[in-house]
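A.B. asks: sequence first, predicted model second:
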Amino acid sequence: MTLPRTLFVTISFLLFVPFIGHAQQPASAIDSIPSPEQLLQTDSVPLETTDRTFREAKYKGLRKRYQTIEGVVMVGVVNNKGEVLLKEPGRWTPPGGSVQPGEDWAAAARRIIKQQTGVPAAITKPVLVEKMIFRNRNNNEDQFSAYILHLQAAFTEEPDSITQQPGFKWFSNIPPDAHPNHIKHIKLYLQ
């Protein structure tokens, strides 16, 4: 049995239509990410513990800040050339910011990237859960911990304006003036 030509063309078109208009959204985009504690229970994301000691005034400021937020996301936005977008607040770092109470971690990352770059991004995967242990230099027993979730992302629109924004630049390697605390994270995003 042969199909009439018009029916064949119609079926072919209907099979093709779902792919039109989706070129900007990465196939592996993630809408939601559970808390770092829940993410660690899946064994799909590595955990790294970082221990830092601060002078008392800085420590108290950090403790006060972290009491008002869920944690922090750092985002490695990678383009189709494999370059990572970094910002320069003195030294090159990945963009990132605070996760507000009750906010989904992927939603926070999208919000932060949009606020900082003006371009929407899709979160493609979590790459690292970092448990930060903050210690008071004057009293080593005085400590608290918080999570930083490192995510990889891609822009959902052509990011022409990014390179014109002061303080942002694409890198294919770790810049010599990268912030020392973030060199390992930049390496992770460039893999």
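C.D. replies: On my side now, so go ahead. Numbering: from 1, shown residues only.
A.B. asks: gap between the two ends of stretch 80-100?
C.D. replies: Stretch 80-100 has an end-to-end distance of 30 Å (criterion: CA to CA, to the nearest Å).
A.B. asks: what comes up buried for it?
C.D. replies: For stretch 80-100, the neighbour count (16 or more other CB atoms under 10 Å) marks 83-87, 92-99 as buried. From N, CA and C alone the C-beta is placed, and that goes for glycine too.
A.B. asks: what's the mean pLDDT across that stretch?
C.D. replies: Over the span of stretch 80-100, the pLDDT mean works out to 92.
A.B. asks: need the residues that contact it.
C.D. replies: 65, 69-79, 105, 108, 112-113, 115-117, 148-150, 162, 167-172, 175, 177-182, 185-186, 189-190 (CB atoms under 8 Å, 6 or more residues apart in numbering).
A.B. asks: among the buried residues of stretch 80-100, which are in strands?
C.D. replies: Assignment to strands by DSSP state E places the following of the buried residues of stretch 80-100 there: 84-87, 96-99.
A.B. asks: let me know the closest of these to residue 130.
C.D. replies: Sorting those by distance to residue 130 puts residue 96 at the head of the list, at 11.1 Å, by CB to CB.
A.B. asks: next one: that closest one from residue 81, what distance?
C.D. replies: Residue 96 sits 22 Å away from residue 81, taking CB to CB, to the nearest Å as the criterion.
A.B. asks: got it, and residue 182?
C.D. replies: For residue 182, the distance to residue 81 under the criterion CB to CB works out to 21 Å.
A.B. asks: what are the ranges of the helices in this protein?
C.D. replies: All helices of the chain, identified by DSSP state H, fall at 5-16, 36-40, 56-66, 105-117, 183-190.
A.B. asks: relative to residue 126, which of the ones you listed is closest?
C.D. replies: helix 36-40 (6.1 Å).
A.B. asks: residues in contact with the residue sitting nearest the centre point of the chain?
C.D. replies: Taking CA atoms, centre = their mean, the centroid of the chain lies closest to residue 75, which sits 2.3 Å from it. Taking CB under 8 Å, 6+ apart as the criterion, residue 75 is in contact with 94-96, 109, 112-113, 121, 123, 150-153.
A.B. asks: residue 46 is in contact with residue 130, correct?
C.D. replies: No: applying CB atoms under 8 Å as the test, residue 130 and residue 46 come out as separate, 9.5 Å apart.
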